[in-house]
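Colleague: below is the sequence, then the predicted model.
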Amino acid sequence: MRNRALFFIVFLFAPPLAAQQARQPTDTLPLSLREAVSRADRIGEEVRVARANLYTTQAQAAIARAPGLPQLRVNASENRTVASARGQAVGQVFNQPYSYAATLSASQVLFQGGRIVNAIRASRAATGASAQNLEETRSLISLQTQTAYVNALFTHRMVQIQQQSYDLASAQLKQAEQFEAAGRMSRYDVLRARVALANIEPLVLQAREDAQLAALELKRLANIPASRPLALTTSIDSVVIRDVLASVDTMVGPDNRPALAAATLNARARDLGVSVARAGLLPTITFNFNSGYGAYPVNGDIFPPGRGTFKVVPCASDAAPGKVCSAQNGGWFSDQSFGFTVSFPLFDGLLTKGNIDLAGAQAQVARAQLAQTREQVSNDVETAKADLARARGQYTAQQQNVAEADEAYKLASLRYSRGMATQLEVSDAQLALTTAQTNQARSLYDVYIAAVALAQTQGRPLPLPSTDNATSQVSSEDLAAR
């Protein structure tokens, strides 16, 4: 009985669990730098929030424009009168139990002190500011995504460098143990080789952890599940650096920066807000037109019989001689009117004054923020230029350093194998080679990011590598497993 119940539980829950595991993507996702930027721009939360803000300001612009357009409204009503004081006091002619009304109302504001016009202009400026903020956000997210991608490439390269250094130290230890067994090397050299190998191992572990953290940051920006393995397919080499540096223009300023345009439009919107608030001191003139029908059924009828008409009926016996009496049939009669309404504010509890003061304060804040933004973007451009100059100099200086450090290490290893050098010399040469490789990788990626950051601060399109090399990079999971 117990086995049968266990079999039933497995049969009931196994298919959904299997289907859930099948839905989870576990295969490696090839990801190029261009695809990562595209994903962050298309489905990134930061860009989606900026787009939602743009939609919000567009809706607010429609709301601000609405009062300036004609207002049309259809009204229909049906009333049941239980007791009519007017019918009792004046006459039964006002005592219809049922009444109906259908009216088309139209109104158009003719003058409102410039409130509507300035509100429309302010809303347009606010919409333009939101559009520029969206472009600024897209540019920043593109820069952050490229930085995360390049950082992932750099940490992957660091894993390779540290792993290579570890393999070289392992080979040196093995060779030292062989020399000790042959009587060609002292115990001290063997111990030094073991210490050197042990010192490199934490660097390898740290490099693997850095690679995993860099991959997680890239996945976050590109909206990729953290458990999904990645294979970076874009490589940054000297050809890419040459193309990126060719697109750099150090003479361009921050005038095209979306953040500066957004701050300018926002300041204009706030200035127009002051005019909108001041319009509360001026009168409002509105044209009104009403056209409809009304019906008052008689003789206990509930619904109007049709078109309303009057007909002559016999008068009461006590009526004045020669009087003509008439009665309506309870149908629909037309009802039309038009007119002008002038409204002038005399005292509103200082509400308008408060709105003017608030709008003025907001305008001052917006102008100060514009000045702040102008200073900030100018500083960003100059800082980016300085960073690019530094990265460019380091990149040029590191071009031959790795080749020379590699040649020095090979010579030290050869001298060590022939008994002409000590273990200390080989370790120093290996450390110099690792440092040179690290500096070269760092300078390569630093000059790329510096060039991209300069383009972002200038408000120019951010450069992207035009080609990918799917075999030049391995996945972060493979590197961490080595």
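Modeller: That came in fine, so what should we check first?
Colleague: low pLDDT regions in the stretch 251-400 of the chain?
Modeller: The stretch 251-400 of the chain contains no residues with pLDDT under 70.
Colleague: any idea how far Asn288 is from Arg208?
Modeller: Distance, Asn288 to Arg208, by CB to CB, to the nearest Å: 77 Å. For the C-beta atoms, the positions are set from N, CA and C on the backbone; glycine is no exception.
Colleague: let me fix that: Thr147
Modeller: Separation of Thr147 from Arg208 (CB to CB): 21 Å.
Colleague: and Leu72, by the same measure?
Modeller: 70 Å.
Colleague: what about Asn288 and Arg208, which has more around it?
Modeller: Shown here are Asn288 and Arg208; by other CB atoms under 10 Å, Arg208 has more neighbours (21 against 14).
Colleague: hmm, Gln160 and that one touching each other?
Modeller: No. Arg208 is beyond contact range of Gln160, at 10.8 Å (criterion: CB atoms under 8 Å).
Colleague: in this protein, which spans are strands?
Modeller: Remark: strands assigned in the chain by DSSP state E are 29-31, 71-80, 98-111, 230-232, 284-295, 310-313, 325-328, 332-343.
Colleague: which of these sits most buried?
Modeller: strand 230-232 (a mean of 21; mean count of other CB atoms under 10 Å).
Colleague: which strands and helices sit next to that strand?
Modeller: Strand 230-232 sits against strand 29-31, helix 115-181, helix 187-222, helix 476-481, with contacts defined as 3 or more CB pairs under 8 Å, 6 or more residues apart in numbering; DSSP states H and E.
Colleague: mind checking the pLDDT average for the first one?
Modeller: Per-residue pLDDT over strand 29-31 has a mean of 93.
Colleague: so how far is that strand off the chain centroid?
Modeller: 23 Å (CA atoms, centre = their mean, to the nearest Å).
Colleague: identify all contacting residues around it.
Modeller: Strand 29-31 is contacted from outside by 218, 222, 224, 228-233, 470, using CB atoms under 8 Å, 6 or more residues apart in numbering.
Colleague: if any of those residues are buried, put those into a ChimeraX selection.
Modeller: Burial among the contacts of strand 29-31 is assessed by 16 or more other CB atoms under 10 Å; the matching ChimeraX selection reads:
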select :218,222,224,228,229,230,231,232,233
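Colleague: can you list the contacts of strand 29-31 in TSV and add pLDDT and distance to Glu35?
Modeller: Rendered in TSV, the data for the contacts of strand 29-31 read as follows (pLDDT from 0 to 100; distance: CB to CB, whole Å):
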residue	pLDDT	distance to Glu35
Leu218	94	11
Ala222	92	8
Ile224	92	10
Arg228	91	14
Pro229	92	15
Leu230	91	11
Ala231	93	12
Leu232	93	10
Thr233	92	8
Ala470	44	12
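Colleague: mind putting the contacts of strand 29-31 into TSV with distance to Ser413?
Modeller: Below are the contacts of strand 29-31 laid out as TSV (distance: CB to CB, whole Å):
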residue	distance to Ser413
Leu218	37
Ala222	42
Ile224	42
Arg228	42
Pro229	36
Leu230	36
Ala231	34
Leu232	32
Thr233	35
Ala470	34
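Colleague: which of the contacts of strand 29-31 lies closest to Asp27?
Modeller: The closest of the contacts of strand 29-31 to Asp27 turns out to be Pro229 (CB to CB; 7.4 Å).
Colleague: for the closest one, grab phi and psi.
Modeller: Backbone geometry at Pro229, expressed as degrees, to the nearest 10, gives phi -70, psi 150.
Colleague: and the helices and strands packed on strand 230-232, which is most packed in?
Modeller: Most buried of these by mean neighbour count (mean count of other CB under 10 Å) is helix 115-181; its value is a mean of 20.
Colleague: so what secondary structure elements neighbour that one?
Modeller: Applying 3+ CB pairs under 8 Å, 6+ apart, one finds that helix 115-181 contacts helix 33-43, helix 45-65, helix 187-222, strand 230-232, helix 258-278, helix 401-417, helix 423-458, helix 476-481.
Colleague: switch to 7 Å and redo it
Modeller: Judged by 3 or more CB pairs under 7 Å, 6 or more residues apart in numbering; DSSP states H and E, helix 115-181 is in contact with helix 33-43, helix 45-65, helix 187-222, strand 230-232, helix 258-278, helix 423-458, helix 476-481.
Colleague: and the second one with helix 258-278, angle?
Modeller: It refers to helix 45-65. 30 degrees (axes from the mean of the first three to the mean of the last three CA atoms, to 10 degrees).
Colleague: so for helix 45-65, what gets flagged as buried?
Modeller: For helix 45-65, by 16+ other CB under 10 Å, it's 47, 50, 53-54, 57-58, 60-61, 64.
Colleague: now it and helix 115-181, what's the angle there?
Modeller: Calculated by the same axes, to 10 degrees, helix 45-65 forms an angle of 180 degrees with helix 115-181.
Colleague: kind regards, and thank you for your time.
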